[in-house]
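>>> Okay, sequence plus prediction incoming.
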Amino acid sequence: MADQTHVLFVEDDDVIREATQLALERDGFAVTAMPDGLSGLEAFRADRPDIALLDVMVPGLDGVSLCRRIRDESTVPVIMLSARADSIDVVLGLEAGADDYVTKPFDGAVLVARIRAVLRRFGHAGGGDRADRPGAEANGGILTFGDLEIDTEGMEVRRSGQPVALTPTEMRLLLEFSSAPGTVLSRDKLLERVWEYGWGGDTRVVDVHVQRLRAKIGQDRIETVRGFGYKLKA
């Protein structure tokens, strides 16, 4: 079991919880399933899973609050499960630090694909040595944009000399921007490159992550180009 990916699954619906746990275990995952947020938090602290699947509407401690608590302690990937694609809960979950979300009812194969895509991002946040990029000063794998330094080898970011804590998804998003400073990247392109969506996805995932990234590296560092996407100021 040590070499299995450990999934924490928090879901209050008994049928969904048991069926999803069985489906994930058939795909080779080790699953800890909990019926409420408080027991989910205890299991997270005790087991330190590789990824957390959190239903938004669970008793005790709702999924969004649980996501915030997890994010305060760890950068472990989090996928939110929501019953409605247009729910404000989706945005709240992403703002709380979730890396992606899946809408219920979901297809088991789709859920597994999304889990594996997130785990790939966390296992390899970068895209190789990006030191020779136009618009950035580079030195030994360090990209410099004003007061912002990106260490593409050590996967670290500093602003005015101070370390900036980024989740692997935020880091990969920043690396995409820094690979082409001054170039507009569409939301669909970012979904494809960062989230590995091979199909149309919800661009709110991109928008919320850009907002989170701006709050950490500077609000004016990433520019919105209305109708097209975003770009990193060179």
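Yep, that arrived.
>>> Closest to the centroid, which residue in this protein?
In the chain, the centroid-proximal residue (Cα atoms, centre = their mean) is Asp99; its distance is 2.3 Å.
>>> List the contacts of it.
For Asp99, the contacting residues are 77-79, 118, 121, 167-169, by Cβ atoms under 8 Å, 6 or more residues apart in numbering. Where you see a C-beta, it was placed from the backbone N, CA and C, and this is true even at glycine.
>>> Mind checking the pLDDT average for the helix or strand hosting Leu175?
Assessed by DSSP states H and E, Leu175 sits inside helix 168-179. For helix 168-179, mean pLDDT is 93.
>>> What is it packed up against?
Contact partners of helix 168-179 among helices and strands, from 3 or more Cβ pairs under 8 Å, 6 or more residues apart in numbering; DSSP states H and E: helix 108-123, strand 148-151, helix 187-194, helix 204-217, strand 229-232.
>>> change it to 7 Å
helix 108-123, helix 187-194, helix 204-217 (3 or more Cβ pairs under 7 Å, 6 or more residues apart in numbering; DSSP states H and E).
>>> quick check: angle from it to helix 108-123?
70 degrees (axes from the mean of the first three to the mean of the last three Cα atoms, to 10 degrees).
>>> returning to that earlier point: which entries within the contacts of Asp99 meet the buried criterion?
Neighbour-count burial (16 or more other Cβ atoms under 10 Å) applied to those gives 77-79, 118, 121, 167-169.
>>> Which one of those residues is nearest to Asp36?
Val78 (16.7 Å; Cβ to Cβ).
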